[in-house]
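Visitor: Predicted model and sequence follow; I will ask about them next.
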Amino acid sequence: MDTQRLVLLFIFGFSVLMLWEAWERDHRPKPPVAPAVQTAPQQGKAAPASSSAASSTAGPIAASGPAEPGETIRIATDLVIAEIDTRGGTLKRLELLRHKDSNDPEKNFVLISPAHQYEAQSGLAGEGGPNHRSLWKAEAGARTLAQGSDSIELRLTAQGNGIEVQKVYTFHRNSYVVDIAMQMRNGGGAPVNTYAYFQFTHDGKPEGNRNTVAETFGAQSFTGFAVYTDEHKFQKVHPGDLDKGKPDHVKEAKDGWLALVQHYFVAAWIEPQGAVRDYVTEKRQDGTYAGRILVPLNLAPGAATEVKVELYAGPQEKRRLEAAAPGLDLVVDYGWLAIIAWPLFWLLEHLHALTGNWGVAIILLTVLIKLIFFPLSAASYKSMAKMKLVTPRLTKIREMYGNDRQKMNQAMMELYKTEKINPLGGCFPILVQIPVFIALYWVLLAAIELRHAPFILWIKDLAALDPYFILPILMTVTMVLQTRMNPTPPDPVQAKVMQFMPFVFSIFFFFFPAGLVLYWLVNNIISILQQWQIQRLFDRDKPAHAKR
């Protein structure tokens with residue numbers, strides 16, 4: 001099996017596998033969700049910090065019917081525009097000023113949005129406590145981050161069940177982290193045992209409609225919850241598990257965060273280390289999904305306390321994620337080859353810092369990878385060159401022993417032995433490189449840095465399709481050229497299949513992001529030059545080989 005055939009076979013198998021997984025994900029039957037009977041913790045009883053107790057708080061903070069609308073408070077910083085509804089004190093819309101909409105580059109990207117029933121809610125569990133259905137009152141103050149100021153604050157107040165609550169949002173300059181503090185005082189005559197909750201809701205549908213085969217293949221299309229703790233590390237919560245009522249993640253911890261992940265962006269509730277919290281995820285009766293952190297509270301009469309969390313809501317930029325919380329950078333999921341993908345992205349970042357252009361960085365990265373694997377590639381092309389020299393003799397053997405397969409195979413093996421050719425010599429070098437190819441595939445699909453990043457002339461977005469399909473056409477030409485440079489299989493049927501194979505597989509590249517096609521195109525051009533040079537050397541020595 002020659003290298004070209006192996007590469008094409010690998011691409012075909014990889015494509016079929018991903019298409020099958022995508023089809024299964026979209027068409028698998030969804031079991032009905034049985035409504036759960038839930039109760040709230042009662043006053044005067046302890047609120048134990050356990051997963052069973054946490055689940056019991058779900059009822060009082062579940063979805064409900066429409067309520068009288070409140071006032072919308074608009075907060076503007078240098079990075080975001082946030083809209084907070086005084087009905088619930090809920091963050092209902094968050095617009096990112098430095099990122100454009102997936103389908104309309106004239107508009108800013110909206111992360112938290114009513115379009116997906118996506119909200120960041122908070123409050124106190126229980127029927128009486130101020131929650132995301134209560135009417136909060138906004139205190140007067142600035143609504144736009146002033147020049148020279150590092151932060152802006154919005155303070156909301158509400159009362160319920162004898163508890164006075166102040167909810168304080170603090171937005172910071174050049175940051176996607178929002179500080180949220182709930183300051184509570186028990187003004188009643190009885191102790192109160194409840195939970196403070198911080199919750200995301202979402203309809204579970206992916207953002208945008210890019211219509212690319214690459215995104216159909218890519219695991220980065222995942223939209224769902226994720227939980228991280230020091231002990232259990234990163235755990236994805238797939239919507240399918242919530243459909244079955246069987247979420248598989250840690251339920252209680254003293255550290256970590258809960259996030260709602262989507263392609264390129266993430267929102268995460270982050271509570272300080274050492275504070276007990278419960279993690280709950282569920283599919284609700286209205287069809288939406290909810291994920292929350294629950295913090296147990298015990299307030300004696302006249303006592304006061306404060307719960308602080310951070311909300312990161314923004315792009316999956318590695319440095320910002322690392323600064324926000326331990327392990328938060330893991331939401332950029334490069335799959336099972338992340339151990340290779342992260343160094344590749346690190347190198348790509350440094351090349352971009354040198355060049356200022358992500359397309360040029362991809363080209364340089366491709367060249368570096370080819371240099372690293374030069375000895376392996378050279379061995380592969382030498383093997384193919386030897387095979388090409390003996391192809392006429394292999395064809396003659398097939399003609400001589402066409403009806404006796406055993407003798408034909410023996411004669412071929414004898415020829416390989418005489419000429420010191422390993423018929424699989426072209427396979428092993430490419431097999432070693434395949435993990436790198438796959439890892440880079442995920443990097444180019446998942447890195448938000450390439451989203452809407454221009455290259456040259458007509459390529460305005462390396463994460464989108466080439467609008468004029470110039471790169472895929474050039475890619476097809478290089479694949480055809482490579483096929484013609486390879487030894488022709490002795491079997492006429494196999495030779496015909498290999499002749500048309502580049503055209504068949506080039507179809508996929510018409511639906512891949514431009515950055516990925518650019519990588520493969522440069523890789524092919526370098527491979528062609530390398531193969532041409534090695535073949536030229538063998539052609540020069542051809543008379544010596546022919547004498548054998």
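Guide: The structure has been received and is ready for your questions.

Visitor: Apart from its neighbours in sequence, what residue is nearest V168?
Guide: A181 (4.5 Å; Cβ to Cβ, 6 or more residues apart in numbering). C-beta coordinates here come from the backbone N, C-alpha and C atoms, glycine included.

Visitor: Enumerate every residue touching that neighbour.
Guide: With contacts defined as Cβ atoms under 8 Å, 6 or more residues apart in numbering, A181 is in contact with Q166, K167, V168, T170, E306, V307, K308.

Visitor: For the stretch 401-548 of the chain, give me the ranges with low pLDDT.
Guide: Within the stretch 401-548 of the chain, the ranges that satisfy pLDDT under 70 run 402, 422-430, 486-495, 497-498, 538-548.

Visitor: Run a quick neighbour tally on the nearest residue to I421 once chain neighbours are set aside.
Guide: Closest residue to I421 apart from its sequence neighbours, by Cβ to Cβ, 6+ apart: K386 at 4.8 Å. Number of residues near K386 (other Cβ atoms under 10 Å) recorded here: 21.

Visitor: Please enumerate the helices of the stretch 151-300 of the chain.
Guide: 213-217, 239-243 (DSSP state H, counting those that start in this stretch).

Visitor: between the ones you listed, which gets the lowest average pLDDT?
Guide: Sorting those by mean pLDDT places helix 213-217 lowest, at a mean of 47.

Visitor: Just give the nearest non-adjacent residue to S149, would you?
Guide: Using Cβ to Cβ, 6+ apart, the nearest residue to S149 is R173, at 7.3 Å.

Visitor: My read is that G160 contacts P130, right?
Guide: Yes - contact criterion Cβ atoms under 8 Å: G160 and P130 qualify, at 4.5 Å.

Visitor: Under the pLDDT cut-off, which ranges of the stretch 251-400 of the chain? List them.
Guide: 381, 385, 388.

Visitor: Could you export the contacts of A181 as a markdown table, including distance to K251 and neighbour count?
Guide: A markdown table is the format used below for these (distance: Cβ to Cβ, whole Å; neighbours: other Cβ atoms under 10 Å):
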| residue | distance to K251 | neighbour count |
| --- | --- | --- |
| Q166 | 30 | 18 |
| K167 | 26 | 23 |
| V168 | 29 | 17 |
| T170 | 30 | 16 |
| E306 | 25 | 12 |
| V307 | 19 | 23 |
| K308 | 22 | 15 |
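
Visitor: Now distance to G224 too, for these, in CSV please.
Guide: Listed next are those as CSV, based on distance: Cβ to Cβ, whole Å:
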residue, distance to G224
Q166, 33
K167, 27
V168, 30
T170, 28
E306, 31
V307, 26
K308, 26
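
Visitor: next one: the helix or strand hosting the residue nearest to I421 to chain centre, how far?
Guide: Here K386 sits within helix 374-400, counting by DSSP states H and E. Mean C-alpha position of helix 374-400 versus that of the full chain (Cα atoms, centre = their mean, to the nearest Å) differs by 42 Å.

Visitor: Next: stretch 474-486.
Guide: 32 Å.

Visitor: Just the buried residues of that stretch, please?
Guide: L474, M475, T476, T478, M479, V480, L481, Q482, T483, M485, N486 (16 or more other Cβ atoms under 10 Å).

Visitor: same thing with stretch 310-322?
Guide: For stretch 310-322, by 16+ other Cβ under 10 Å, it's E310, L311, Y312, A313, G314, P315, Q316, E317, K318, R320, L321.

Visitor: Then the third one would be within a helix, right?
Guide: Spelled out, it's Y312. No - Y312: not assigned to a helix; according to DSSP: H, G, I helix; E, B strand; the rest coil it is strand.

Visitor: Any idea how many residues pack against Y468?
Guide: As a burial measure, Y468 scores 11 neighbours (other Cβ under 10 Å).

Visitor: pretty sure it contacts K460?
Guide: No - Y468 is beyond contact range of K460, at 11.2 Å (criterion: Cβ under 8 Å).

Visitor: overlap in contacts of those two?
Guide: Common neighbours of Y468 and K460 (Cβ under 8 Å, 6+ apart) do not exist.

Visitor: which other residues reach stretch 313-326?
Guide: With Cβ under 8 Å, 6+ apart, stretch 313-326 has contacts from 79-80, 91, 94, 96, 99, 111-112, 120, 176-178, 228, 230, 257, 264-268, 270, 310, 312, 328-329, 331-332, 345, 446, 448-449.
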